[in-house]
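Participant: From the sequence below, what's the structure:
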Amino acid sequence: MAHAPNLGQTSPVARRIVTPEGAALTVPREDRQWFRHAVGDTTTHIKAVSYAKLLLQNAASQHSKNRARENIYEGRTIAANGAAVAALDAVGITIARLNAVKSIIDTFVSRLAKDRPMPNINVDGANWKLKQQSKKFRQFIVNKMEDTEFDELSRDALLDGGILGSAFTRIDDGECDVFAERILVNEMLFDERECKYGKPRQAFRVYRMARDHLAELYPQNQSMIKIAPCSIRRPGDNQTELASMNLEDYVDVYDGWDLPMLEDGEDGRYGTFIENATLEYGAWLEPRFPWSMLRLFKPREGLFGCGFVDQLASLQHRVNCIVRDLQLNLTATGRGHFLVNENNDIPTEMLTGWQPFKLKYKGGTPPTYVTPQPFNQAQLNALEYFINKMYDLTGVSQASATSKSALGAGASGIALDTQYDIDSDRFRMPQSNYARYRLDGGQCYIDGAARVARRRAAEKGTKRSYVATSWKDRDEIARLEWDKVALKRAQYRLRIEAVNFLPDERAGKLAIVEQLAKAGIIEQWLVPTLFDEPDLVQANGIILAAFKNCMRKMGDLMDEDLPMPIPEPYNDLDLELKVSTAYYNQMQEERAPDIIQDRFRQYVDMTALAIEEKNKQMPLPPGSVAPGAAPMAPAEAPLPGGVPQMPVGPVPAPAMIGATPQ
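Facilitator: Below you'll find the predicted structure:
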């Protein structure tokens, strides 16, 4: 697939010249595209920055619309009416707003952010070694997401998606680790001619950076950075905030990416530029950009998605107009009206109330003043109608927005779960897009790890070796070599793995405790401890402690570099015997190395022996027989009271009738 021609650049067509000696040479044109420059070219910024400025100029209207969308969400006044609103504020007349858009978006984000779909590495059909490597790698990805606060960035992305329709989270390699950060939508630049199908092949990011900080990052270009032009104000900026700011100490930085042509085996390009220098320029090998993009509602054509503000902007404007009319009516009818005879005139300053109205009349009979109704019922009905329609169109429940249950108090857990499923059906499409966003984020962590591994391999022997550090649990850190967390492209594929979530509110936690107690999952002695503070994580840690310890031992058995774990009488030996036996059969089925199978075989035998020894030490219950002992005669039970005892010795035979007495 060929690149689309760039704005302001001609395609890299070569021209033929003839030397005085008659030899024909092919010379590339000087106006070739920026990504056609050779790796290490220090003049790439000339074409790259000029191209990025053209993209920035074409995106000016889109950036202005994004700023207007943010103003609608935040309840701010559009810049065109700023002077009039400021004049009203100065005299104490503040424009009223009923921001239903913000309520809808915040409710949607709070609801969807509870879901935490995580990427899972699928290596079905691979050998045992690759499967074990994928397990470690999946653990690395999940831990890295926690270390880089990816869940927090996901909530920011949901909020940006609800307001602007799209969001970007960059996941890239730094000096010695993978990092994640939020990218503002107005910083991203794309060629619209490449975005028709939503898959552009090149992109730019423009952002401000302090001149001194940029010089620290690129010390070899300090002289050019010091004389670089200062940053300029753009249409997507907050002009009110930047009006009083001095931007002389800031420089516009342009990051550019061009994806590789996998069909032709041609590498892509990546560069960091300022207007007068090329700070970094090299090859880009990954077939994707180093960010995860969320499009809340995908467009039929193009790249950027659609958010809730686009759907509700007109209705929100109508709501604001009605609320403003109601406010002005209340102000006009609620102020003090005084009827004063002109013969006994009173200065206005002596009248009470806010901006009192004085009416002078002649004669002895004052006019009749009828107080009008401050609100028109039709206006109130229209206001309620428009607000209800805003919630209905987006599918957000007003009960959820007000933290109320539509089922009322005392609803069962099954009813609440059913209602949650019904409410979630409306959000299947954004939920799917959100899951894809997190899946793409996991892929970016893999790509970042691969880039760090390649760079560290190239710098081996010249710099200190680095490792990827990720938290495994509260008290242990798992350290993985970067080259061990770099899987090849054809060895795996990512898929979404659902992660269940527990309710955050107290009522929801108590309902979960009740359901688990009835099902027998939580021991009865543990239930009262969860009433004061329903800490379900701690409860699960107590209930699943034996199982988690068993799984920890299974992981140690699969690593031949770790010492062999020993079963103890204090462990749940019956559980460990079942699990270790199952794992041993799984190792055979996956054709694990003989040393791994032997470790599991030894552990199964040791567990069975530990169970036998534990049974020998346990006291025997009454009436049971120890193994290998002769059966004992049953003890004679005492006769009930009143029953005579049997004589000791031989019992005489009873006399027969007609027999001679002895």
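Participant: ok now do the closest residue to Pro563 other than its chain neighbours, which residues does it touch?
Facilitator: Among residues not flanking Pro563 along the chain, Asp556 sits closest, at 7.6 Å (CB to CB, 6 or more residues apart in numbering). Heads up, the C-betas are built off the backbone N, CA and C, glycines and all. Asp556 is in contact with Leu562, Pro563, Met564, Pro565, counting by CB atoms under 8 Å, 6 or more residues apart in numbering.
Participant: Give me the mean pLDDT for the helix or strand containing Asp556.
Facilitator: Following DSSP states H and E, one finds Asp556 within helix 545-557. In this model, helix 545-557 has a mean pLDDT of 87.
Participant: Which SSE is immediately downstream of it?
Facilitator: Remark: after helix 545-557, the chain's next helix or strand is helix 573-589, criterion DSSP H and E.
Participant: and that following helix, C-alpha only, in CSV?
Facilitator: Taking Å, rounded to 0.1, in the frame of the first residue of the first chain, the C-alpha atoms of helix 573-589 are listed here in CSV:
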residue,chain,number,x,y,z
LEU,A,573,-2.4,-30.7,51.9
ASP,A,574,-5.5,-32.2,50.4
LEU,A,575,-5.9,-29.2,48.1
GLU,A,576,-2.2,-29.2,47.2
LEU,A,577,-2.3,-32.9,46.4
LYS,A,578,-5.2,-32.4,43.9
VAL,A,579,-3.7,-29.3,42.4
SER,A,580,-0.2,-30.6,42.1
THR,A,581,-1.5,-33.9,40.5
ALA,A,582,-3.5,-31.8,38.0
TYR,A,583,-0.5,-29.7,37.2
TYR,A,584,1.7,-32.8,36.7
ASN,A,585,-0.7,-34.1,34.1
GLN,A,586,-0.8,-30.8,32.5
MET,A,587,3.0,-30.7,32.3
GLN,A,588,2.9,-34.1,30.6
GLU,A,589,0.2,-33.0,28.1
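Participant: angle of it against helix 545-557?
Facilitator: For helix 573-589 against helix 545-557, the angle by axes from the mean of the first three to the mean of the last three CA atoms, to 10 degrees is 30 degrees.
Participant: helices and strands around helix 573-589, which ones?
Facilitator: With contacts taken as 3 or more CB pairs under 8 Å, 6 or more residues apart in numbering; DSSP states H and E, helix 573-589 sits against helix 545-557, helix 594-617.
Participant: before we move on, back to that, are any of the contacts of Asp556 buried, and which?
Facilitator: Buried members of the contacts of Asp556, counted by 16 or more other CB atoms under 10 Å: Pro565.
Participant: where does the stretch 151-300 of the chain have low pLDDT?
Facilitator: Scanning the stretch 151-300 of the chain for pLDDT under 70 picks out 236, 238-244, 263-264.
Participant: again, 90 this time
Facilitator: 151, 173-178, 193, 231-248, 261-267, 286-287, 300 (pLDDT under 90).
Participant: thinking again about what came up before, Asn143 is nearest to which of the helices and strands packed on helix 573-589?
Facilitator: With CB to CB as the criterion, Asn143 lies closest to helix 545-557 of the helices and strands packed on helix 573-589, at 14.4 Å.
Participant: From the recorded domain assignment, give the ranges for this protein.
Facilitator: The chain breaks down into these domains under automatic domain parsing: 14-308+429-485, 501-616.
Participant: Pipe those into a markdown table and attach distance to Gly395 per row.
Facilitator: Shown next, in a markdown table, are the domains of the chain (distance: least, CB to CB, whole Å):
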| stretch | distance to Gly395 |
| --- | --- |
| domain 14-308+429-485 | 9 |
| domain 501-616 | 20 |
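Participant: quick one, which of those is packed in tightest?
Facilitator: Compared across those, domain 14-308+429-485 shows the largest average neighbour count, a mean of 17 (mean count of other CB atoms under 10 Å).
Participant: can you give me phi and psi for Ile306?
Facilitator: Just so we're on the same page, residue 306 is Cys rather than Ile. Main-chain torsions, Cys306, degrees, to the nearest 10: phi -120, psi 140.
Participant: Quick one: the strands in the stretch 201-350 of the chain, in order.
Facilitator: Using DSSP state E, counting those that start in this stretch, the strands assigned to the stretch 201-350 of the chain run over residues 202-210, 250-258, 268-274, 277-284, 291-295, 337-341.
Participant: Relative to Ile104, which of those is closest?
Facilitator: strand 291-295 (17.8 Å).
Participant: could I have the closest one exported to CSV, CA atoms only?
Facilitator: Presented in CSV, the C-alpha positions along strand 291-295 are these (Å, rounded to 0.1, in the frame of the first residue of the first chain):
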residue,chain,number,x,y,z
TRP,A,291,-0.4,5.2,21.6
SER,A,292,-3.7,3.6,22.2
MET,A,293,-6.6,5.5,20.7
LEU,A,294,-10.2,5.5,22.1
ARG,A,295,-13.1,6.4,19.9
